[in-house]
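> whatever this is, show me its structure:
(one chain, ligands or ions: 2)
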Amino acid sequence: MATTSNHLTKPFLPSLSLSSKKLSPSSAFSVSIPNRVPQRLYIICSASSGISSKPTILVAEKLGEAGITLLKQHANVECLYNLTPEELESKSSLIDALIVRSATKVTREVFESARGRLKVVGRAGVGIDNVDLGAATEFGCLVVNAPTANTVAAAEHGIALLTAMARNIAQADKSIKDGKWQRNKYVGVSLVGKTLAVMGFGKVGSEVARRAKGLGMHVIAHDPYAPADRARAIGAELVSFDEAVATADFISLHMPLTPATAKILNDESFAKMKKGVRIVNVARGGVIDEDALVRALDSGIVAQAALDVFTVEPPPADSKLVQHERVTVTPHLGASTMEAQEGVAIEIAEAVIGALQGELAATAVNAPMVPAEVLTELKPYVVLAEKLGRLAVQLVGGGSGVKTVKVSYASARGPDDLDTRLLRAMITKGLIEPISDVFVNLVNADYTAKQRGLRITEERINLDGAPENPLDFIQVRIANVESKFASALSESGEVTVVGRVKDGIPHLTKVGSFEVDVSMEGSLILCRQVDQPGMIGKVGSILGEENVNVSFMSVGRTAPRKQAVMAIGVDEPPSKECLKRIGEIPAIEEFVYLKL
Ligand SMILES: NC(=O)c1ccc[n+]([C@@H]2O[C@H](COP(=O)([O-])OP(=O)(O)OC[C@H]3O[C@@H](n4cnc5c(N)ncnc54)[C@H](O)[C@@H]3O)[C@@H](O)[C@H]2O)c1
Ligand SMILES: O=C(O)[C@H](O)COP(=O)(O)O
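Ligands and ions are numbered 1, 2, ... in the order given. Next up is the predicted model:
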C-alpha cells in the first residue's frame, strides 16, 4: 500500500483564464457519456496507487496467534519484539500500521520518523497512556485500542490480588520455600463486611465491584463520570473522592492514567485514609505517588498493598516499594490470561485491518466515532465533499489566501440526523491537499485546518420533503478570494460550487451562478462562452483530435444565445496545446482545467 501518492500530487495544472466578467444564473442541459469508476473511501488512509499491494504491519509486542493469523490474511506482518526506541523510529517509515501493548512507547519521534506513512497504531489492550495521542492526531495517524476483551481478566486479577494480600499468600509461600513454617506471622484479615472503595467505575471497576459483592463486601465507588444507576444496579454507592478514601478498608484503583489522575493517591490523600487501609492497583502505576505509598506503609497508614503496575516498568530491582515486606507484586499480568490475549488479539487485528481499509474503527481513540450504518449512508456524500473542496480551492486565483470557507448542507432530515464531522473533514482534505504536501484525514482535519488558519463555518439549509437521503446538496463557498475562473464567483463574490449525489455518483451541479450537471470523475474543463450552436461540437472535436476521451458534458446558460458555462468531464489530462486550442475558439471567454 503506497500511502504517499495522494498527498504528493500537486493538482494545480495549467489553467488559462481569459476574462473576469461576473455573470448571472442560468438553467442547465447536459449530454452525458457515463463512465462509472467505483469510488473508494479514504477516511483514515490515503489513496493507494498500488491497490493490490498489501499494507505492512509491525507487531512490536507478543500478540495472540489468532490475531496474527487474521492480520496475515490482509497484510505483510512483521513481529519484532523488544525494539529499542531508535529501532522503532527507524522502522516507522516502512510500515502502515503498528501494534503494541503497554510496554512500547509510541512517541512523537516515532510519528515524525514515519514521514506520513504510519497511518494506524493499534493498542492491543485498554490503556493508551503509552501512545502520544497529540502527536498521532497531528500526523493524521489513527489510534485504535481493544477496550473490552481483557476486562474480565483484569477484574479477576484485581480480586486475586485483593484476596492474596488479605491472606498473605505471596509472603507465606516464600516463607515455606525458604524452609520456614510461620503460622502466627501470616494471620490475615477477612473481607466479608469490609468496605471496598472502587476508584474508577468503568469496565474493570464495575466487574471488580460485582465480584467483591459476591465476597460479601460493602462496595462504594468514586467516579466523577459514571452514571449512578449503573453503580446502583451492582449494589455499589457512588461517593466523593474524600468519602471513598476516608471510609474504605480496601481501595482498588481502576481509573486511566491522565494528567488529572496522575499521583491521585499522594501524601495528602494517604493522610485522609483509615489507619490500616489496604490498596490494590491493577490500573496504572502512575496513579499512585510511589514514594508517598512507601511512606504511608512505613507509618502504618497503609497496612498492605498489592500492585500489578508501576510508574516505571519493570521497576528498578532495588525499588523500596517492590521490596517492601507488606507489598505483593505481579509484573503487569492483569490482562495476561490465555482467553483475554486471544480476544484482545482478534479485537485489535479487526480494528487495524478495518482502519487500513478506510473504515472507521468503533474503537478509534483520536477520531470521532461514526457508526457503521451512518458511514455506509454517507459514503457517496463523503466523496462528494472532498471533491467539492478540491474543486473550490483550484478555482481560487493565485495569491489569494484561503481563510474563510462556508459550507451549507441542504437536507430534509432533522438536525440530529446529520453528523457533519466526517463531511467537514473531507471538505478540509479537499481544500488543503491540492495546495500543500500535508496528508489530511478524519483524524487530523480539524487540527490541520486550525494550524493553517483556515476557518470553516457550517450551516444547514432545512428542506421540506421526504428525507430518504441524508443530503440534497452541499455548497462550498470560499470568501474573500479572487478566482482564476471569474464565472465561479457567485453574486456574493465568493468562489461557489454546489454538488449532489445522483445514483451514488457525486455530481457538480453549480459553479458560481451557473447550473451545470457533470459527474465528478477524472478531470474537468470549465469554459465560459457566448451561447451559440456548435460549441459542444467544436470543443469535443479538439479533444477528440487530441485523443482525450470526454466522459460528460453539460451547459448552463443565462438565456439562449447569452452567456453559458460548459462543463466537460475528461478521462485523460489534455495537453497544453489542446487547452490552448480550446482557448482560441473565438466564442470562449475564459476557461479552466481542474483535476478532481
Ligand atoms: N493491569 C492490567 O493489565 C490492566 C488490564 C486492563 C485494564 N487496565 C487498566 O485499568 C484501567 C481501567 O480500565 P477500564 O477498561 O475499566 O477503563 P474504562 O475506561 O472502562 O474505565 C475507567 C473509568 O475511570 C473513570 N475515571 C476517569 N477519571 C477518573 C477520576 N479522576 N477518578 C475516578 N474515576 C475516574 C472513568 O470515568 C471510567 O469510568 C485503565 O487504566 C487500564 O489501562 C489494566
Ligand atoms: O491497559 C491494558 O489493557 C492493560 O494494562 C494490559 O496491558 P498489556 O497489554 O501490556 O498486558
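> pick out the residue of this protein closest to ligand 2.
In the chain, the residue that lies nearest ligand 2 is G125 (2.6 Å; C-beta to the nearest ligand atom). In this view, the C-beta of every residue, glycine as well, is placed from N, C-alpha and C.
> which residues touch that residue?
Remark: with contacts taken as C-beta atoms under 8 Å, 6 or more residues apart in numbering, G125 is in contact with 101-102, 145-146, 150, 335, 344.
> near ligand 2, from these?
When the contacts of G125 are filtered against ligand 2 using C-beta under 6 Å from any ligand atom, the residues retained are 101-102, 150, 335.
> buried ones only from the contacts of G125, please, as a PyMOL command.
Buried subset of those, written as a PyMOL selection, criterion 16 or more other C-beta atoms under 10 Å:
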select buried, resi 101+102+145+146+150+335+344
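> would you turn the contacts of G125 into TSV with secondary structure and pLDDT?
Supplementary listing: those in TSV, determined by DSSP: H, G, I helix; E, B strand; the rest coil; pLDDT from 0 to 100:
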residue	secondary structure	pLDDT
R101	coil	97
S102	coil	96
N145	strand	94
A146	coil	95
N150	coil	97
A335	coil	97
V344	helix	98
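> around ligand 1, which positions in this protein sit nearby?
If contact is defined as C-beta under 6 Å from any ligand atom, the residues of the chain in contact with ligand 1 are 126-127, 147, 150-151, 154, 199-205, 222-226, 254-257, 260-261, 282-284, 308-309, 332, 334-335.
> next, count neighbours for A135.
Close neighbours of A135, defined as other C-beta atoms under 10 Å, add up to 16.
> right, and it touches T107 too?
Yes. In this structure, A135 is within contact of T107 by C-beta atoms under 8 Å, at 7.3 Å.
> most proximal residue of this protein with respect to ligand 1?
G202 (1.8 Å).
> ok, the closest residue in space to that residue that isn't next to it in sequence - contacts?
Taking C-beta to C-beta, 6 or more residues apart in numbering as the measure, G202 lies nearest to H254, with 6.4 Å between them; neighbours along the chain are not counted. Taking C-beta under 8 Å, 6+ apart as the criterion, H254 is in contact with 158, 198-202, 204-205, 208, 282-283.
> and with 10 Å instead?
Taking C-beta atoms under 10 Å, 6 or more residues apart in numbering as the contact definition, H254 lies against 154-155, 158, 198-209, 221, 223, 280-284, 287.
> and what of I478?
By C-beta under 10 Å, 6+ apart, the contact list for I478 reads 389, 392-393, 395-396, 400, 402-406, 431, 454, 488-489, 494-497.
> hmm, 6 Å instead?
Contacts for I478 were tallied using C-beta atoms under 6 Å, 6 or more residues apart in numbering; they are 392, 396, 402, 405, 495.
> try K429
Taking C-beta under 6 Å, 6+ apart as the definition of contact, the neighbours of K429 are 386, 440.
> same deal with G569?
Taking C-beta under 6 Å, 6+ apart as the definition, contacts of G569 comprise 518, 522, 524, 551-552.
> who wins on neighbours among these?
The residue in those with the most neighbours, by other C-beta under 10 Å, is V518 (27 neighbours).
> what about the longest helix in this protein?
Ranked by residue count under DSSP state H, the longest helix found in the chain is helix 372-394.
> can you tell me the SS state at K274?
The three-state label for K274, taken from DSSP: H, G, I helix; E, B strand; the rest coil, comes out as coil.
> what is the burial count for it?
By the measure other C-beta under 10 Å, the count of residues near K274 is 16.
> for N549, which non-adjacent residue is spatially closest?
The shortest distance from N549 to any residue that is not its chain neighbour, by C-beta to C-beta, 6+ apart, is 4.2 Å, and that residue is D571.
> pLDDT value on the one you found, please?
Confidence per residue is given as pLDDT, and for D571 that number is 88.
> which residue packs closest to T163, ignoring adjacent ones?
Closest residue to T163 apart from its sequence neighbours, by C-beta to C-beta, 6+ apart: L191 at 7.0 Å.
> hey, where'd the strands end up in the stretch 401-550 of the chain?
Chain-ordered strands for the stretch 401-550 of the chain, with DSSP state E, counting those that start in this stretch as the definition, fall at 404-411, 455-462, 473-479, 495-502, 505-511, 514-519, 523-530, 550-557.
> pLDDT weak spots in this structure?
Judged by pLDDT under 70, the chain has its weakly predicted residues at 1-52, 360, 369, 372, 557-561.
> how does it divide up, domain by domain?
Structural domains assigned to the chain are 56-145+342-357, 149-329, 370-512, 521-595, following the TED database.
> make a markdown table from the ones you listed and add distance to T363 to it.
Written out in a markdown table, the entries for those read as follows (distance: least, C-beta to C-beta, whole Å):
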| stretch | distance to T363 |
| --- | --- |
| domain 56-145+342-357 | 5 |
| domain 149-329 | 11 |
| domain 370-512 | 13 |
| domain 521-595 | 34 |
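> any buried residues in stretch 139-157, and which?
Of the residues in stretch 139-157, 139-147, 149-157 count as buried by neighbour count, 16+ other C-beta under 10 Å.
> so what touches it?
Identification of contacts with stretch 139-157 by C-beta under 6 Å, 6+ apart yields 44, 111, 118-126, 128, 131, 136, 203-204, 207-208, 282, 334-335, 337, 340, 343-344, 347-348, 351, 355, 361, 363-367, 439, 441, 443-444.
> filter those residues down to the buried ones, ChimeraX style.
This is how ChimeraX selects the buried members of those, with burial counted by 16+ other C-beta under 10 Å:
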select :44,111,118,119,120,121,122,123,124,125,126,128,131,136,203,204,207,208,282,334,335,337,340,343,344,347,348,351,355,361,363,364,365,366,367,439,441,443,444
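> so how far is the helix or strand that G134 is a member of off the chain centroid?
Here G134, judged by DSSP states H and E, is contained in helix 133-138. For helix 133-138, the gap between its own C-alpha mean and the chain's C-alpha mean amounts to 10 Å (C-alpha atoms, centre = their mean, to the nearest Å).
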